[in-house]
Every structure is written in structure tokens, then in C-alpha cells.
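generate coordinates for the sequence data below:
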Amino acid sequence: FLKAAYKIICQHLGTFGMTECFTDCLSVKPPSPTDDCSPRDNEELTSLTVVEVQSWSDSFERLMASLSGRRVFREFLRCEYSEENILFWLACEDLKKENNPEKIEEKARMIYEDYVSILSPREVSLDSRVREIINKNMMSPTQRTFDEAQLQIYTLMHRDSYPRFVNSPAYRNLLKSYGGSVKDLAVTAT
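You can find the predicted model right below:
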């Protein structure tokens with residue numbers, strides 16, 4: 001399903017100047033086990049509307065609330081070599097949904113190894129205060145072990161990557177392809 005979803009994204013975004021980037025990115029890293037894919041993905045990606053695509057520029061929260069928005073944003077981040085940020089955020093969201101204590105501990109350990117450990121190739125940028133909190137929380141992991149870190153990464157994506165995404169030729173071309181207007185886009189997205 002994941003390959004089919006990427007194929008659809010590439011088909012939709014092929015005319016928006018991102019196909020080359022997407023193709024390059026797809027050949028660099030394998031999909032993460034935290035990808036939020038389902039059998040409905042093909043349908044959801046092909047049923048985008050101008051209203052939904054336009055809403056992504058209204059607020060970061062709207063972009064992140066949209067499955068298609070997260071997918072397009074993730075591809076943008078992949079091309080900027082910062083995909084680990086959204087993957088970490090998604091993994092934390094997945095952890096919050098878990099109720100089985102054994103699974104919580106396993107998922108928390110995987111998140112730590114994949115995104116927090118200084119040995120990880122996908123290490124996210126966290127300050128020392130948040131790292132200390134995580135290290136303390138890892139003694140007895142819960143669904144909320146990474147809350148501080150998740151907020152820090154969400155804020156980083158919101159303040160840093162999101163304005164570049166909204167102002168990118170790829171997003172603007174995507175919006176135009178659905179009949180939206182780029183004239184109304186703010187130079188600095190909120």
C-alpha cells in the first residue's frame with residue numbers, strides 16, 4: 001500500500017516540480033514502520049479538493065490534521081532532509097494510542113533508539129532539558145514519555161519548515177493544479 005500511495009503522490013505532484021525530489025527521496029530511505037498508511041490511502045490521496053489543499057496554508061494545525069496534508073508535508077521534509085521530525089511526531093502519536101503496557105514499553109524504546117539516541121541516524125534536535133526529561137521518563141515509560149520532545153519538534157516544524165512549505169513552488173503548484181489561488185497566501189504562514 002505504501003508504494004501505491006507514493007506512486008499516487010508522485011502522479012499528483014509530478015507536474016508541481018516535486019517528482020524528481022520525491023523519486024530521489026524514495027530511493028534514499030526505506031519507508032518507516034511508523035508510516036500512517038491504510039488501504040484507504042489511494043482513495044484519500046486522489047480525492048483532494050482545492051478547499052483542503054488551500055486549508056493547509058491557513059494553519060499548521062490544519063495541515064497536520066489532514067492525512068493527505070501530512071503526507072505531502074512529509075515528502076517536503078524528506079526533500080529537505082528533515083523527515084525524521086514528522087516521523088518522530090507520528091511515532092509519538094502512535095504511542096499515545098497504545099494501551100498495552102508491554103507495547104508501550106516496546107514502542108517507547110523504539111522511539112528512543114530511532115529518534116532520541118545520539119547514535120541514531122534519524123536523531124531529532126532536542127535541547128538538553130528535554131533529553132533529561134526523556135531519560136527520566138524512560139525508567140518507566142508511559143504513553144506520555146515523549147510529550148515535551150514531541151511539542152518541541154512540533155514547534156520546530158511549525159516555525160521553521162511550515163513557512164518554507166507554504167511558500168515553496170511545490171505547494172503553490174499543487175494548489176494551482178487544484179484551482180486554488182496563490183495570491184492569497186501569506187508570505188509567513190501561521
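
from here on, contacts and neighbour counts on C-alpha atoms
Noted.

remind me which residues of the protein are low pLDDT?
Within the chain, the segments meeting pLDDT under 70 span 1-46, 184-190.

and the helices in it?
2-13, 19-28, 41-46, 50-55, 60-65, 67-79, 83-97, 101-111, 128-137, 147-156, 162-166, 169-177 (DSSP state H).

got TSV for those helices, with mean neighbour count too?
Formatted as TSV, the helices of the chain follow (neighbours: other Cα atoms under 10 Å):
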stretch	mean neighbour count
helix 2-13	17
helix 19-28	15
helix 41-46	16
helix 50-55	18
helix 60-65	17
helix 67-79	21
helix 83-97	20
helix 101-111	17
helix 128-137	14
helix 147-156	18
helix 162-166	22
helix 169-177	20
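
residue 118: which of those is closest?
Evaluated over the helices of the chain, closeness to residue 118 peaks at helix 128-137, with 10.4 Å, by Cα to Cα.

name the helices or strands packed onto that closest one?
The contact analysis (3 or more Cα pairs under 8 Å, 6 or more residues apart in numbering; DSSP states H and E) places helix 128-137 against helix 147-156.

would JSON lines of the helices of the chain with distance to residue 117 be doable?
Shown next, in JSON lines, are the helices of the chain (distance: least, Cα to Cα, whole Å):
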{"stretch": "helix 2-13", "distance to residue 117": "27"}
{"stretch": "helix 19-28", "distance to residue 117": "21"}
{"stretch": "helix 41-46", "distance to residue 117": "31"}
{"stretch": "helix 50-55", "distance to residue 117": "35"}
{"stretch": "helix 60-65", "distance to residue 117": "25"}
{"stretch": "helix 67-79", "distance to residue 117": "20"}
{"stretch": "helix 83-97", "distance to residue 117": "12"}
{"stretch": "helix 101-111", "distance to residue 117": "9"}
{"stretch": "helix 128-137", "distance to residue 117": "9"}
{"stretch": "helix 147-156", "distance to residue 117": "13"}
{"stretch": "helix 162-166", "distance to residue 117": "25"}
{"stretch": "helix 169-177", "distance to residue 117": "33"}
